[in-house]
Every structure is written in structure tokens, then in C-alpha cells.
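In: Fold the stuff below for me.
(one chain, ligands or ions: 1)
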Amino acid sequence: MAATASPPRRVVICGGGVVGACTAYFLSTHATSPTVPTLVEKSSPACAASGKAGGFLALDWCDTTPALSALARASFALHRRLAATLDGESAYGFRAVHTLSICLPTHPFPAAATSPPHPLLPAWVDPAASAAPPRELGTTDTTAQVHPGFFTKAVLAASGAEVVIGEVERVVVRDGRVAGVVVKGRGVVDADAVVLALGPWSGRFEMVREVFDVSGLKAHSIVLRPHEPDKITPHALFLSYQPEPGAKMLDPEVYPRPTGEVYICGMTKDEEVPDDPATITGEPDSIAMLHKIAGRVSDQLKREEGAEVVAEQACYLPCTDDGLPVIGEMPGVKGCYVATGHSCWGILNAPATGAALAELILDGSAKIVDLAPFSPARFLKKRSKRGGYSVLLDICKLPDAMFGLNVNRLEQKYAILLQDLLRDNIIAFNKVLHPHGHIFETIQILRHL
Ligand SMILES: Cc1cc2nc3c(=O)[nH]c(=O)nc-3n(C[C@H](O)[C@H](O)[C@H](O)COP(=O)(O)OP(=O)(O)OC[C@H]3O[C@@H](n4cnc5c(N)ncnc54)[C@H](O)[C@@H]3O)c2cc1C
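Out: Predicted coordinates for the structure are as follows:
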């Protein structure tokens, strides 16, 4: 990625979830070119997954995917640094946690059949809740938590960003460069750089949809206030549970919070994301199952034992086809950046995402993590393997003037496809281009990229 001549002055971030908020924070705290952005949010900051997530953080749980591992490890370290800078402990419940895996039996064991509680099991968890000895999945060195909604709002407030409540309808592009965004009822907000951090709504923008797909996976959660909150220890529980013999295995998660509340989530479902984040509600069956599971884990979490219901809710995980987030500049639109697809790790991975984007926008390249594996252009390359030949034919139909040395006039997406074809499909390249006599000129263009 070529370095920008001078950093953009006006940056507009679309979307007030954790990814938009962290990007705002790292733009405004950049060491040499601090830039306070404008953030446009349709409903309210952290109204969607970023306010309704668990907020669990893990150092090494993404290590099986090298690119994601780098993002997660950098983010975990940044979470620690942010907590120290922003007083995360009291501002948003940052703390280290113990993390256990527990296999919840299908049917509760009779009390007499229960052996003494396993030493790893916290006292507030019913000993009969564990069909097998619990397993330690993380320690206070490797796992931690935040209250995701409080975290998102705290970093956004610390960024000093101007927050505009309004719906971004589209991105304004002039001569292949971003010029602003159109906000419903307000008109154009001018910008030198635009960041699309719209979670599962990113695909609503044609410019994004043309390059990659983002889908939403609906997930449910409940928040309970036990009658003796002081008895609940900082233990995150990853459960496996089969409600009936032969039924689908469920994998709910339980996160006690320093606020005294206990958050329980699970029950996912592929479903179309509704237009308005404020209208998302949980389905009664899924919420009822989460209450059943909560009651099986601990008497403290039973409504009939005095647990107060604080929230019953649902939201959507933003998912991509290859399971990796998309972070980088949109091909063919200079100054338009995207950050989405963080799936079940958006609260963890938002800090390094925001820090990397801030570097990319203000310095011209990211140092904190290598953004190459997350580039939106990776989808374009995949599509070129299927459609590259016909695109090449399209290029051959372009007027001869396009094959001069005027790289700016050749859309970047075609240039990427050509690069791909040069590497993977040189024969097709020669065969198609030679009769038209464009080989020399095209190679010149590629040299200029
Ligand atoms: C049940 C559940 C539990 C989870 N637990 C964890 C966890 O423990 N740890 C973890 O790391 N991750 C967790 N996640 C994942 C995490 O919540 C997400 O990856 C993350 O919140 C995505 O953040 P985002 O900013 O990309 O999107 P979102 O939070 O969805 O934010 C997108 C924002 O864009 C706004 N918007 C949409 N359209 C427009 C428009 N046209 N104009 C302006 N604004 C618009 C929306 O209103 C919304 O505020 C969990 C997710 C779920 C669903």
C-alpha cells in the first residue's frame, strides 16, 4: 500500500459498535497525526452486538489461525494497556478471569449420587452441574473480560469523536476517491477518509456487496442479578449441554460480571438481519432454554430463587465466507476503509483492528499487525479465479487510451485481477491480449502498481 502524501483531515466512521469506537480512539490518539473523527451511528453506540456480547477476552484461543492469532494477541495486550489508561476496572469491568469447561448432564443427577465438588468448581456452581471433572481452559494470565457496552462507550468517549445519530445511506465517491457519506435527512458529510464499521449491516452497501458477503448469525443472551452477587466468583464457564438424548449439542457460555450480574449466551440461528438494530428481539424458546441452563448451573441463577432478570436479548455476529475479519482499504475506492466480520471475537479483536486502521489511514501502512490476510481484495482475487477470463476480455474491450500509462484511469479492481492472472494464468493472458497488441502497455501498467 502506497503511503498517503499527507494524512486525511476529515475522517468519518460509519457505525458505533466496538470496531468503530476503537478506530475512533486510535485515530485520535495517534502519536504523530492525532485526528478526531466524526462517527455516524444509526441508533445508539453499542446498541447491537457490541453492547450485548459476553465481553470475554483470550490471549491464545485464536492461535490455530496465524493471522487471527497476531490480531488477537496484539488486541489482548492493547486491552490491558487501555484498561490501565482508561481505568477499565471501574469504567467497564475489566478484570482477569479463570475459565473452565463444564459438561452439563442432560438430566440432573440425584443429590445423593453427587460426589464431593471438584476442587476447580467454584462454590456457587451446583456440583451436580458437572457430569465430568471440569477442565481449565484459561488462567488469569490468559483470559479476561470487559463489559462490552461500557467498554465501547468508554473508548468512544475518550476518542472525543463527534457522534452524529443518523443513518448512512451511501458513500460518495468522486474520481475513484472517497468524498463523503450521505446521511439520511442531513445530506452529505464531507470526508477525506471513510471507515465502514457496520458489523452485519456492512453488506447493505453495494460497494461492499460487490466485493464480499457479510452475513449475520443471531445469538441470544440473558443477564441475571443473583440474590447473593457477592458469592459469585470471576469464573467464565464454557458449557456443553445436550437438552435431550439425540438432540443437538448446545454450547452456552456464562460470564459473571464485576457489577454483580451474570451474563449467559448461546442459542444461535442463521437469520436475515433486520434493518433497524433497535427492533432486534430474542425468541421466547431460546430465552427459555437459557433460563433453564442458568438454573441448572446454579441456584443463584434461578428466578424462583430470587434471581432478578436484567435483560433478555438477541443480536447478530458479523460473519464472512472465510471466517476471517475484513480490515483494509476497499479496492478501487481510495480513502474508503472497511472493518467487519469479527464474528465471535469482535470485543477481543477491536483494539488491534482500530489501531491498525488508524495507522493505515494516517501513516499509509499498518505496523501493529499485518493487514494483508484481512484485505478485502482477497475476495476479489478468489472471484477472479472464476471470472477472471471474462473480466480480461472486458479489459480488452476498453478503449486503447486506457492502456496507456494512465494507471489512475484503470480501475484498481481490474488491476488486481490482472496481477492475479499474470501470476496464475499467464497463458490466458498472452492468448487474449496478444492479438490486440496490448501486452507491452499492460505490463507497463502493472509495473506502476
Ligand atoms: C451473543 C454474543 C456474544 C458475544 N460474545 C463475545 C465475547 O465474549 N468476546 C468477543 O470478543 N466477542 C463476542 N461477540 C462478538 C462481538 O460482539 C462482535 O464481533 C462485535 O460486537 C462486532 O462489532 P461491530 O462494531 O463490527 O458491529 P456492531 O456491534 O454490530 O455495530 C455495528 C453498528 O453499526 C450501526 N449501523 C448499522 N447500519 C448503519 C447505518 N446505515 N448507518 C449508521 N450506523 C449503522 C449499528 O446500529 C451498530 O451500532 C459476541 C457476539 C454475540 C452476538
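In: and A339, that's in a strand?
Out: Yes - counting by DSSP: H, G, I helix; E, B strand; the rest coil, A339 is found in a strand.
In: So in terms of bridging, what pairs with it?
Out: On the basis of DSSP bridges, A339 is bridged to I327.
In: pLDDT wise, what is it at?
Out: We have a pLDDT of 98 for A339.
In: repeat for L393
Out: At L393, the model reports a pLDDT of 36.
In: Same question for A132.
Out: At A132, the pLDDT value in this model is 84.
In: separation between it and T259?
Out: Between A132 and T259 the distance is 31 Å, computed by Cβ to Cβ, to the nearest Å. Heads up, the C-betas are built off the backbone N, CA and C, glycines and all.
In: which one of these two has more residues nearby?
Out: More crowded of A132 and T259, by other Cβ atoms under 10 Å: T259, with 14 against 11.
In: Please list all residues in contact with that one.
Out: By Cβ atoms under 8 Å, 6 or more residues apart in numbering, T259 lies in contact with G93, H147.
In: May I have the secondary structure class of it?
Out: T259 is classified as coil under three-state DSSP.
In: now it: how far from the ligand?
Out: As judged by Cβ to the nearest ligand atom, to the nearest Å, T259 and the ligand stand 16 Å apart.
In: again, but for D230
Out: 24 Å.
In: what's the nearest residue to that residue if we skip its chain neighbours?
Out: Leaving aside its sequence neighbours, D230 sits nearest to G260 (Cβ to Cβ, 6 or more residues apart in numbering; 7.6 Å).
In: what does C14 give?
Out: Excluding its sequence neighbours, the residue lying closest to C14 (Cβ to Cβ, 6+ apart) is V168, at 4.4 Å.
In: follow-up on the earlier one: so the residue nearest to D230 is in contact with P229, correct?
Out: Yes - the criterion here is Cβ atoms under 8 Å, and G260 meets it with P229 at 3.2 Å.
In: With neighbour numbers in mind, choose between those two.
Out: Set side by side, G260 and P229 show more neighbours around P229, with 18 against 13, by other Cβ under 10 Å.
In: residues from the stretch 101-250 of the chain in reach of the ligand?
Out: Within reach of the ligand by Cβ under 6 Å from any ligand atom, the stretch 101-250 of the chain has these residues: E167, V168, A197, L198, G199, P200, W201, A219, S221.
In: picking that back up, check the residue nearest to C14 and give its pLDDT.
Out: On the pLDDT scale, V168 gets 98.
In: Can you report how many residues lie near D192?
Out: Using other Cβ under 10 Å: D192 sits among 20 other residues.
In: Show me where the stretch 301-449 of the chain has its helices.
Out: 346-363, 377-397, 412-424, 426-433, 439-447 (DSSP state H, counting those that start in this stretch).
In: can you confirm Y263 is in a strand?
Out: Yes - under three-state DSSP, Y263 sits within a strand.
In: which one is the closest residue to the ligand within the stretch 1-150 of the chain nearest to, not counting chain neighbours?
Out: For the stretch 1-150 of the chain, the residue closest to the ligand is G17, as judged by Cβ to the nearest ligand atom, at 2.3 Å. Of all residues not flanking G17 in the chain, S50 sits nearest, at 3.8 Å (Cβ to Cβ, 6+ apart).
In: how near is that neighbour to C319?
Out: From S50 to C319 the distance is 15 Å (Cβ to Cβ).
In: what about those two, which has more around it?
Out: Shown here are S50 and C319; by other Cβ under 10 Å, S50 has more neighbours (29 against 20).
In: Now do the contacts for that one.
Out: By Cβ under 8 Å, 6+ apart, the contact set of S50 is G17, V18, V19, A21, P148, G149, T152, G199, G346, I347, A350.
In: buried subset of those?
Out: G17, V18, V19, A21, P148, G149, T152, G199, G346, I347, A350 (16 or more other Cβ atoms under 10 Å).
In: now the fifth one: how far from C103?
Out: Applying Cβ to Cβ, the value for P148 to C103 is 27 Å.
In: among the residues of the stretch 101-250 of the chain next to the ligand, who's most crowded?
Out: Compared across these, A197 has the highest neighbour count, 32 neighbours, by other Cβ under 10 Å.
In: Hmm, that residue is touching C14, no?
Out: Yes - at 6.5 Å, A197 counts as touching C14 under the criterion of Cβ under 8 Å.
In: got any residues that touch both of the two?
Out: Contact with both A197 and C14 is made by residues G20, according to Cβ under 8 Å, 6+ apart.
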